[in-house]
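Peer 1: Pasted the sequence and its predicted model underneath.
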Amino acid sequence: MPSSDPLPPKEGALFRKLLKCYEMKQYKNGLKLAKQILSNPKYAEHGETLAMKGLTLNGLGRREEAYKYVRLGLRRDLRSHVCWHVYGLLQRSDKKYDEAIKCYRNALKWEKDNLQILKDLSLLQIQMRDREGYKETRHHLFTLRPSQHASWIGFAMSYHLLGDYEMANNILETFSQSQTTIEAHDYRHSELLLYQNQILIESSHLQQALDHLLKYEAQIVDKLAVRETMGDLYIKLGQQEKAVPIFESLIRRNPENVLYYQQYMAARRVTTSGAIVSVYREFQEQYPRALCPRRLPLDIAVGDEFREVADEYLRRGLRKGIPPLFVNVRTLHQVPEKTAIIEALTLQYFENLTRSGHFSREDADAEVPLEPASALVWTALFLAQHYDYMRDTDRALEYINAAIDHTPTLIELLITKGRIFKHAGDPVEAYVWLEEAQSMDTADRYINSKCAKYMLRANMVLEAEEICAKFTREGVSAMDNLNEMQCMWFQTECALAYERMGRWGEALKKCHEVDRHFAEIIEDQFDFHTYCMRKMTLRAYVGLLRLEDVLRRHPFYFKAAKCAIEVYIRLYDKPLASETTIEEIDIENLPPSELKKLRSKQRKAKKKAELESAQAAQAQVKREQHQKSKQQANQETDPDAPQLDELIPEKLERTDEPLEKAIDFLKPLQELAKERIETHLLAFEVYYRKNKLLLMLQSIRRARALDASHPVLHSCIIRFMKALESAKQEQPFNVHVQQVLDKATKELIGKKTPQQLNDEFIAKYHTTSILHLYEAARGLYELDASKKQAAIKLITDFNLSKLRLEEATKIYTALRDGDVFGDCEKEAEQYKLKCQERFQYARIFRNIEELEAQLQEKEAAKLRAEEEQQQLNHLDSNETSASVVGGGEPASVAAAS
């Protein structure tokens with residue numbers, strides 16, 4: 001359809017040049033051409049030219065002017081498909097995809113067969129997962145251009161994504177038959193055939209998929225995919241004997257692929273443990289250097305058979321000195337019988353290696369050659385890791401210290417010692433050992449990252465940033481560079497460290513940065529919609545779309561979202577005072593000693609604030625420089641990218657609606673991480689504070705469906721019942737709501753009262769589970785605040801020998817902070833002393849004075865060692881100079897004479 005306001009030939013030629021300049025990203029030339037057209041009084045208000053001028057200004061980063069001119073152009077010519085298309089492109093550049101789709105649909109009203117608008121619309125529809133709309137658009141494109149490959153592929157894929165496999169297969173089959181000439185080793189045609197085969201498998205037409213593979217095997221380039229798929233189909237179709245030679249050849253090709261061995265066993269129909277182990281023995285003989293046929297039997301074998309294969313595997317690993325040997329067999333520790341056998345074997349190795357240099361007495365009696373000297377070190381390391389996993393810290397330290405005494409320069413030993421202290425509850429001592437390990441190999445990025453992670457666990461954020469700066473770009477602060485590189489493990493650990501330190505704004509900033517990374521990853525798929533269609537990487541493309549649909553299920557996002565929700569809940573429970581509010585302290589009534597302490601505290605706080613403000617100013621200067629260079633780079637590479645708001649910690653922590661912000665993080669978890677009970681428990685905490693009874697009930701039901709015996713669920717039910725009672729007293733419910741709530745109450749507690757339910761819960765878990773007892777104590781205090789002492793006594797009297805460190809820490813933190821049972825400082829101190837005896841290495845239970853004394857002692861010992869080293873160096877240099885001056889012979893020459 002021609003333009004509703006056509007230009008004469010001269011101006012029309014200038015307009016076409018303007019379009020060309022925009023496509024070539026020659027924005028300044030485009031502006032000159034637009035000015036030439038608009039300078040003519042007759043066409044000063046030409047809508048399409050005004051719209052193109054706005055789009056060109058957007059390319060130069062002048063966003064506000066761009067919107068002004070595009071809207072002006074649209075107002076001048078509402079019937080122009082060009083104006084609507086341009087407005088859609090502008091909205092798309094701002095990531096407003098829903099608005100852009102509306103613009104494209106309006107453009108198609110005036111130019112329904114415009115290929116470019118249809119293509120742009122289809123890209124937005126697949127990005128927004130509007131599968132029905134995508135199908136309609138691809139069908140329209142197919143009818144307009146039936147001779148193009150992309151039209152067929154896009155049309156077939158639209159049906160595949162909707163789950164209409166039969167139609168998708170028919171379209172691809174018709175397209176394949178229409179292909180007249182196929183070149184040899186045609187990769188694109190090969191990928192198309194494999195994609196069609198994938199559709200057949202997903203539609204459960206397995207025999208048809210197998211026939212399809214056999215028919216087109218010669219035309220498929222990816223022979224590995226053909227063999228893997230064919231073998232799997234033979235097994236699923238019950239033709240196992242045909243799958244055996246396929247998986248034998250695949251294992252020959254790659255003897256380290258676990259899946260191949262599993263499929264081979266299924267094809268051979270081997271089920272008993274003895275038969276499976278014997279098959280693995282055959283593979284060990286065929287592939288003596290392969291690890292898989294030696295490791296996999298450990299999962300299957302039991303009893304004496306397990307002892308035999310474990311003995312062989314452990315000896316081989318300890319003899320060769322394989323650092324991740326324990327990590328490789330750690331999953332076996334979930335079976336107590338196998339754990340006992342592994343422990344007995346390694347203790348036997350250590351004893352015999354210490355005594356005779358052999359793994360066993362039988363080897364010593366048979367005069368087998370001695371094992372390498374390093375075998376003793378690796379055995380001690382394995383035992384240390386084993387006892388650390390069992391949380392026997394004393395024995396773990398005993399063996400790791402023996403290993404370090406033997407070989408003090410082995411970095412793996414220092415890392416393991418740090419890990420032992422981490423698991424024992426002393427993150428500071430853990431970081432000290434990791435720092436020492438890092439100093440022995442400063443070029444190792446893994447140890448550097450591990451050291452930074454341990455520093456963050458010890459709440460040493462600045463030190464962690466400094467150590468990461470060794471591997472980040474110069475001229476930019478390490479924190480900004482790590483954010484730019486989407487280093488999410490660092491940011492999630494930073495967020496958790498800030499949360500522990502009570503720096504809520506900084507913690508939220510890191511959580512929002514992680515959230516933005518996931519948003520960027522979702523946006524980045526936009527580039528692949530056309531690329532994958534053009535290159536025919538269709539299987540990978542479908543995999544990408546399915547991955548992006550569940551992207552926020554990733555552990556990094558879950559950890560960051562959980563941290564953000566907890567911080568927002570805390571800010572709701574205890575809002576921060578306004579910056580203008582000054583805390584008034586009655587200093588007149590304070591005694592002199594307290595007044596002196598207060599003045600000292602204020603001076604320290606002032607110095608700390610000045611130091612932090614100076615550091616913040618330096619960081620801001622660096623950030624501005626970095627932002628400036630980044631903006632320049634963005635204008636060169638992606639001028640359409642919208643600028644994101646800067647994340648300012650002070651603003652983030654002083655939000656007016658913390659629960660609404662928490663829900664923003666919660667919703668993706670409810671959609672994509674609904675199989676994790678923590679999601680629904682967090683949802684309950686948010687909705688409990690919003691007093692949304694039905695949503696609280698929904699969260700409880702979903703959590704019960706996953707794990708009805710989860711301890712936190714009990715206190716949720718108690719609080720829900722209490723909130724329900726108070727809501728009933730305020731105003732009556734709607735009839736339908738009342739029916740739902742009555743049914744839920746009957747389902748949750750039957751005819752019992754909340755008090756009876758709590759008493760039964762206490763009786764059930766009185767001596768078995770501290771976490772259940774803790775939630776029962778919370779319920780007891782929640783139902784009757786006068787029973788505070790009884791609730792505290794319930795958890796503090798629990799047998800400490802049955803407690804794990806994490807459980808004891810949770811109980812002590814609840815008593816110390818007073819968030820659960822109110823002020824109970826005395827009880828917290830008593831519980832701390834009891835835990836100090838049980839968990840002697842845990843830093844949280846030790847006295848600050850003791851820790852400071854230990855730190856000073858370590859620093860003094862370090863200084864003494866440095867002074868002694870300097871004295872030794874000084875003596876050596878004096879002796880050398882004296883021998884040179886005296887003309888004396890070198891010691892080696894004198895000894896020789």
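Peer 2: Nice, thanks for sending it over.
Peer 1: Please count neighbours and contacts with C-alpha atoms only from this point.
Peer 2: Will do.
Peer 1: Quick one: name whatever helix or strand follows the helix or strand harbouring Y87.
Peer 2: Per DSSP states H and E, Y87 falls inside helix 81-93. Helices and strands here follow DSSP H and E; after helix 81-93, the next one along the chain is helix 97-110.
Peer 1: So which bits of that next one are buried?
Peer 2: Under the neighbour-count criterion of 16 or more other C-alpha atoms under 10 Å, helix 97-110 has 97, 100-108, 110 buried.
Peer 1: try stretch 9-28
Peer 2: For stretch 9-28, by 16+ other C-alpha under 10 Å, it's 11, 14-15, 17-19, 21-22, 25-27.
Peer 1: Which members of these are the farthest-apart pair?
Peer 2: Using C-alpha to C-alpha, the two most remote members of these are E11 and K25, lying 20.6 Å apart.
Peer 1: Tell me which other helices or strands the helix or strand I717 falls within touches.
Peer 2: Here I717, judged by DSSP H and E, is contained in helix 711-730. Judged by 3 or more C-alpha pairs under 8 Å, 6 or more residues apart in numbering; DSSP states H and E, helix 711-730 is in contact with helix 677-690, helix 693-706, helix 754-765, helix 770-783.
Peer 1: how far is that helix from where the chain is centred?
Peer 2: With C-alpha atoms, centre = their mean, to the nearest Å as the basis, helix 711-730 stands 34 Å off its chain's centre.
Peer 1: cool, stretch 177-190 as well?
Peer 2: 41 Å.
Peer 1: Now it - C-alpha only, PDB.
Peer 2: What follows is stretch 177-190, C-alpha atoms only, in PDB (Å, rounded to 0.1, in the frame of the first residue of the first chain):
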ATOM      1  CA  GLN A 177      10.600 -34.000  -0.400                       C
ATOM      2  CA  SER A 178      10.600 -30.700  -2.300                       C
ATOM      3  CA  GLN A 179      14.400 -30.500  -2.000                       C
ATOM      4  CA  THR A 180      15.700 -31.600  -5.400                       C
ATOM      5  CA  THR A 181      19.500 -31.300  -5.000                       C
ATOM      6  CA  ILE A 182      21.300 -32.000  -1.800                       C
ATOM      7  CA  GLU A 183      25.000 -31.500  -1.600                       C
ATOM      8  CA  ALA A 184      27.300 -34.000   0.000                       C
ATOM      9  CA  HIS A 185      28.100 -33.200   3.700                       C
ATOM     10  CA  ASP A 186      25.400 -30.500   3.700                       C
ATOM     11  CA  TYR A 187      25.400 -29.500   7.400                       C
ATOM     12  CA  ARG A 188      22.200 -27.500   7.300                       C
ATOM     13  CA  HIS A 189      20.200 -30.300   5.700                       C
ATOM     14  CA  SER A 190      21.700 -32.700   8.200                       C
END
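Peer 1: Can you tell me the SS state at Q486?
Peer 2: Put simply, Q486 is coil when judged by DSSP: H, G, I helix; E, B strand; the rest coil.
Peer 1: Which helix or strand contains the nearest residue to it once chain neighbours are set aside?
Peer 2: Nearest non-adjacent residue to Q486, counting by C-alpha to C-alpha, 6 or more residues apart in numbering: H517, 6.3 Å away. Take DSSP H and E as the rule and H517 turns out to sit in helix 504-524.
Peer 1: other SSEs contacting that helix?
Peer 2: Taking 3+ C-alpha pairs under 8 Å, 6+ apart as the contact cut, helix 504-524 packs with helix 488-501, helix 555-573, helix 649-653.
Peer 1: Residue ranges of each domain in this structure, please.
Peer 2: The chain is divided into the following domains under the TED database: 1-112, 184-300, 301-425.
Peer 1: Now tabulate the ones you listed in a markdown table and tack on mean pLDDT and distance to L124.
Peer 2: Shown next, in a markdown table, are these (pLDDT from 0 to 100; distance: least, C-alpha to C-alpha, whole Å):
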| stretch | mean pLDDT | distance to L124 |
| --- | --- | --- |
| domain 1-112 | 88 | 7 |
| domain 184-300 | 94 | 23 |
| domain 301-425 | 94 | 45 |
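Peer 1: in the stretch 1-150 of the chain, which spans are helices?
Peer 2: 9-23, 27-38, 47-59, 63-76, 81-93, 97-110, 115-127, 131-144, 149-162 (DSSP state H, counting those that start in this stretch).
Peer 1: and those helices, which is most packed in?
Peer 2: Mean neighbour count, computed with mean count of other C-alpha atoms under 10 Å, is highest for helix 47-59 among those, reaching a mean of 27.
Peer 1: TSV for the buried residues of helix 97-110, including distance to F306?
Peer 2: Output for the buried residues of helix 97-110, formatted as TSV (distance: C-alpha to C-alpha, whole Å):
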residue	distance to F306
Y97	59
A100	63
I101	62
K102	66
C103	68
Y104	66
R105	67
N106	71
A107	71
L108	70
W110	75
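Peer 1: ok, and for the helix holding I717, which residues are buried?
Peer 2: Buried-residue list, helix 711-730, by 16+ other C-alpha under 10 Å: 711-721, 723-724.
Peer 1: Nearest to T346 among those residues?
Peer 2: Using C-alpha to C-alpha, the buried residues of helix 711-730 come closest to T346 at P711, 37.6 Å.
Peer 1: which ones are touching the nearest residue to that closest one once chain neighbours are set aside?
Peer 2: Nearest residue to P711 in three dimensions, chain neighbours excluded: H772, at 4.6 Å (C-alpha to C-alpha, 6+ apart). Neighbouring residues of H772 by C-alpha atoms under 8 Å, 6 or more residues apart in numbering: 710-712, 761-762, 765.
Peer 1: So which of those is the closest to A662?
Peer 2: V712 (19.7 Å).
Peer 1: What separation is there between the residue lying closest to the closest one once chain neighbours are set aside and E520?
Peer 2: In space, V712 comes closest to E775 once its chain neighbours are excluded; the distance is 6.1 Å by C-alpha to C-alpha, 6+ apart. Computed as C-alpha to C-alpha, to the nearest Å, the E775 to E520 distance reads 40 Å.
Peer 1: Between the two, which is the more surrounded one?
Peer 2: In terms of neighbours (other C-alpha atoms under 10 Å), E775 is the more surrounded of E775 and E520; the figures are 24 against 12.
Peer 1: Just the pLDDT at the residue nearest to the spatial centre of the chain, thanks.
Peer 2: Nearest to the geometric centre of the chain sits F556, at 1.9 Å (C-alpha atoms, centre = their mean). Reported pLDDT at F556 in the predicted model: 95.
Peer 1: Let me know whether it touches T492 as I believe.
Peer 2: Yes - using C-alpha atoms under 8 Å, F556 is in contact with T492, at 7.0 Å.
Peer 1: Touching both of these two, which residues are there?
Peer 2: In contact with both F556 and T492: V514, using C-alpha under 8 Å, 6+ apart.
Peer 1: What distance separates the opening and closing residues of stretch 321-338?
Peer 2: 22 Å.
Peer 1: which residues touch it?
Peer 2: Contact with stretch 321-338 is made by 298-299, 302-303, 306, 314, 317-318, 339, 374-375, 378, 382, 385-386, 412, as judged by C-alpha under 8 Å, 6+ apart.
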